[in-house]
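S.K.: Predicted coordinates and the sequence they were generated for:
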Amino acid sequence: MNTKLVESLLQVILSLSDEERSLLEEKLFFDSLEPSTHDLMQLAQNGGAFNFLENEPDIYSLKDGEPI
C-alpha cells in the first residue's frame with residue numbers, strides 16, 4: 001500500500017474549494033456508473049445477442065421507405 005500517496009491525495013482533496021470537491025465527487029461517484037458508448041458498442045458486438053442478424057436476408061434496398 002502506498003501510504004504516502006494516499007496522504008498526499010488527502011491533502012490535495014482537503015485543499016479544494018467546495019465547488020472543486022463537488023466536481024471531484026461527481027466524477028468519482030456518478031460518471032463511472034453509466035457505461036460509455038464504447039462499452040455499450042463492445043457489449044452489443046461481442047455479446048452475441050444480435051448474431052441472428054447475420055443470417056437475415058437483405059429484403060430492403062436504398063429505394064425502400066421515405067428518404068431521410
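M.R.: Thanks, I have the structure now.

S.K.: which residues in this protein form strands?
M.R.: Remark: no strands are assigned in the chain by DSSP state E.

S.K.: Can you tell me the centre-most residue of it?
M.R.: Ser36 (1.6 Å; CA atoms, centre = their mean).

S.K.: Tell me where the model's unsure across this structure.
M.R.: Counting by pLDDT under 70, the ranges of the chain that qualify are 31-32, 67-68.

S.K.: Just give me the neighbour total for Arg21.
M.R.: 13 (other CB atoms under 10 Å). Any C-beta I mention is one placed from the backbone N, CA and C, and that applies to glycine too.

S.K.: Next: the one 3 residues further on.
M.R.: In terms of burial, Leu24 registers 13 neighbours under the definition other CB under 10 Å.

S.K.: For Leu9, see how far away it is.
M.R.: Taking CB to CB, to the nearest Å as the measure, Leu24 and Leu9 are separated by 11 Å.

S.K.: go on, Glu26?
M.R.: Relative to Leu9, and taking CB to CB, Glu26 is found at 17 Å.

S.K.: Repeat that for Leu53.
M.R.: Counting by CB to CB - Leu53 and Leu9 are separated by 47 Å.

S.K.: ditto for Thr37
M.R.: Separation of Thr37 from Leu9 (CB to CB) stands at 30 Å.

S.K.: between these two, who's got more neighbours?
M.R.: Leu9 (11 against 8).

S.K.: From Asn2, how far off is the more buried one?
M.R.: 10 Å.
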